[in-house]
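[1] How does the following fold in three dimensions:
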Amino acid sequence: MKLKSIKVLAVLIALVLIFLFTFEGCSTTAEINNTLPYLLELRYMWGGEGRNFYFDVNPIKKQPEIRKIFTGEPLEWFFHYSMPREDITYTPFFASPPVFYKDVLYFEDTGGIYYAIDVKTGKIKWKQDIQVDPNQLNPRFASPPLIIDNIVFFAGGSFYGLDINSGEIVYKQDIGTINAPGFKDGIIYLSIASNIKRTATVVGIDVTKGKIVAKHILDKFGYIKAPLFYKDSVIVYDECGDIYSLDLKTLNLKWEIKQQDVYGCSYSVCISNNKLFLVWWDLHPTLLRKMQCTAIDPENGKILWEVSFEEEEREEDKNLIIEEYGYIFYPFVVSDGNNIYFGNNKGLIYAVDNTGKLLWKIKTEPLGSISSFTRNVPVISKDTLYIVTTEGHHSGYLYAIDTKTSKILFKYPLPARAEYSVTVADNKVYVTSGLQIFELKN
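    Next comes the predicted model:
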């Protein structure tokens, strides 16, 4: 009798393990380490409500003054590859645009250290190390935090909530590789990539109840971009241009767009003025380059209009390595609510109106194979567009461009290579450059 009971218990344990392995923490009844008894009022979400990257802040139009706010510790990690190749020494760097909230900048580095820096004094308010294993570093590229009530949420290998005053970890959810979080109507939305099941899952988390309240498993594997919001829909997409519109409450699929037979493309998306804009740079095998922008009805996924601009082929472009996916050929798109601004990391920027009519086109100085716009989007401050460029491996520039006239207002040299977008707040511009953060002002 005792032996039979042991066998039954073993079967039950096996079933539980199979269940946990199958759902990988994405069950709608999954337990969360901490529940947060807050109102869930949004204080800051990077990119704006629809993530069009427009900020209603007075811009800097003349050559600015610069002040170094903070310099991180130049730590070196010994990174061991499992494949038969040489080991490398890796220096973590600041891995996201700094988020400004009540005179404090919040950000993280690629080593998994979260910072809160007082912008007036440059002193560390708090620093939290989540103990990332250097041998698991790929490296770790993180997204800007989400601030709700008095909690700063960071997404990376796990989902963390840190007390905004002390940096203490008050919330943690180990649910896989996560991209930038979004927030709407009391629910935090995340996209999770599963290396085991080779799928991508979008989940909605109600942290006040301590559970995942909705989920949708996409029929693909990959890193899904930060959620966009339109009325009662949450819209996610990936760099391959596949777009999914999900119901805000249930995350059931409303419509989807799949790209077919497109060679060497990378995509970017934003929502503005009741339209969803999809931009890509078409790399045809004959080396014909096209910048394309498509306006889509976010209600049903139908195409409203498309525009395409062919680029002149430069001799030096023929030697670019197309296989460097997402580095050389990365597009971007932003909107000020009226017009759309898009381009690629070769230095081209286009402006079109809400019907697709070309307003202007500019090209910054020629950018070679090791010089590119960053992999993050530019931002707009009223009528001024800011974009960061890199020149080689050790330097960069901040451009300010008048969105009405296309005039370059200034090109400011940065002390070190910059990888990420700027933050506009308090009539100032904040930019990370390597292990340093700078403040630019009039």
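
[2] from what I can see Lys61 touches Ala400, true?
    Yes. Using C-beta atoms under 8 Å, Lys61 is in contact with Ala400, at 6.8 Å. All C-beta atoms are positioned from the backbone trio N, CA, C, and that covers glycine.

[3] And those two? Which one has more around it.
    Higher neighbour count among Lys61 and Ala400: Ala400, with 24 against 16, using other C-beta atoms under 10 Å.

[4] what's the nearest residue to Thr250 if we skip its chain neighbours?
    Spatial nearest neighbour of Thr250, excluding adjacent residues (C-beta to C-beta, 6 or more residues apart in numbering): Ala214 at 5.7 Å.

[5] burial count for the one you found?
    By the measure other C-beta under 10 Å, the count of residues near Ala214 is 20.

[6] How confident was the prediction at it?
    On pLDDT, Ala214 comes in at 95.

[7] Could you say which helix or strand holds it?
    If you go by DSSP states H and E, Ala214 is part of strand 211-218.

[8] list the helices and strands that strand packs on?
    Under the contact definition 3 or more C-beta pairs under 8 Å, 6 or more residues apart in numbering; DSSP states H and E, strand 211-218 sits against strand 199-206, strand 243-247.

[9] Return the set of buried residues in that strand.
    In terms of neighbour count (16 or more other C-beta atoms under 10 Å), strand 211-218 has its buried residues at Lys211, Ile212, Val213, Ala214, Lys215, His216, Leu218.

[10] cool, and stretch 228-236?
    Leu228, Phe229, Tyr230, Ser233, Val234, Ile235, Val236.

[11] what's near enough to touch Asn274?
    Contact analysis of Asn274 by C-beta atoms under 8 Å, 6 or more residues apart in numbering lists Pro298.

[12] can you check Ile187 too?
    By C-beta under 8 Å, 6+ apart, the contact set of Ile187 is Gly204, Ile205, Asp206, Val213, Ala214, Leu248.

[13] Can you tell me which of those is nearest Pro413?
    Nearest to Pro413 among those: Ile205, at 42.3 Å, using C-beta to C-beta.

[14] SS state for the nearest residue to that closest one once chain neighbours are set aside?
    Excluding the flanking residues, the one nearest Ile205 by C-beta to C-beta, 6+ apart is Ile188, at 4.7 Å. The three-state assignment at Ile188 reads strand, by DSSP: H, G, I helix; E, B strand; the rest coil.

[15] Ile188 and Thr208 touch, don't they?
    No. When contacts are counted by C-beta under 8 Å, Ile188 is not listed as touching Thr208 (10.5 Å).

[16] If you count surrounding residues, which of those two has more?
    Ile188 (23 against 13).

[17] contacting residues for that one?
    Contact analysis of Ile188 by C-beta under 8 Å, 6+ apart lists Leu146, Ile148, Phe153, Pro181, Gly182, Gly204, Ile205, Asp206, Val207.

[18] give me every residue that touches the fifth one.
    Each residue near Gly182 by C-beta under 8 Å, 6+ apart is listed here: Met45, Arg51, Leu146, Ile188, Tyr189, Leu190, Ala226, Pro227, Leu228, Phe229, Val234.

[19] Any buried residues in stretch 431-442, and which?
    For stretch 431-442, the neighbour count (16+ other C-beta under 10 Å) marks Val431, Thr432, Ser433, Gly434, Leu435, Gln436, Ile437, Phe438, Glu439, Leu440 as buried.

[20] ditto for stretch 174-187
    Using 16+ other C-beta under 10 Å as the test for burial, stretch 174-187 gives Ile175, Gly176, Thr177, Ile178, Asn179, Ala180, Pro181, Gly182, Phe183, Lys184, Ile187.

[21] Are we agreed that Lys125 is in a strand?
    Yes. The assignment for Lys125 is a strand, going by three-state DSSP.

[22] Spatially nearest residue to it (excluding sequence neighbours)?
    Ala116 (4.1 Å).

[23] Can you pull the phi/psi pair for Ser158?
    Dihedral pair for Ser158: phi -140, psi 180, per degrees, to the nearest 10.

[24] And for the one 10 residues further on?
    Note on Glu168: its backbone torsions stand at phi -60, psi 140 [degrees, to the nearest 10].

[25] Look up the closest residue to Gly186, ignoring the ones flanking it.
    In space, Gly186 comes closest to Leu40 once its chain neighbours are excluded; the distance is 4.7 Å by C-beta to C-beta, 6+ apart.

[26] which residue sits closest to Phe309, ignoring its sequence neighbours?
    For Phe309, the spatially nearest residue (C-beta to C-beta, 6+ apart) is Met291, at 4.8 Å.

[27] The helix or strand containing that neighbour: which residues count as buried?
    Secondary structure assignment for Met291, by DSSP H and E: strand 289-296. Neighbour-count burial for strand 289-296, counted by 16+ other C-beta under 10 Å, picks out Arg289, Met291, Gln292, Cys293, Thr294, Ala295, Ile296.

[28] The helix or strand following that strand pairs with which strands, parallel or anti?
    Per DSSP H and E, the first helix or strand lying C-terminal to strand 289-296 is strand 303-311. Partners of strand 303-311 in the sheet, by DSSP bridges, are strand 289-296 (antiparallel).

[29] for the partner strand, what is the average pLDDT?
    What strand 289-296 shows for mean pLDDT is 87.

[30] what inclination does it have with respect to strand 243-247?
    20 degrees (axes from the mean of the first three to the mean of the last three C-alpha atoms, to 10 degrees).

[31] Need the contact partners of strand 289-296.
    Strand 289-296 is contacted from outside by 243, 257, 275-284, 302-311, 313, 317, 331, 333, 340, 342-344, 348, 350, 352, 356, using C-beta under 8 Å, 6+ apart.

[32] who's Trp280 bridged to?
    Judged by DSSP bridges, the bridge partners of Trp280 are Tyr267, Gln292.

[33] residues near it, how many?
    Using other C-beta under 10 Å, Trp280 has 26 other residues around it.

[34] confidence score at it?
    82.

[35] Next, the distance between the ends of stretch 295-306.
    End-to-end span of stretch 295-306 (C-alpha to C-alpha, to the nearest Å): 6 Å.
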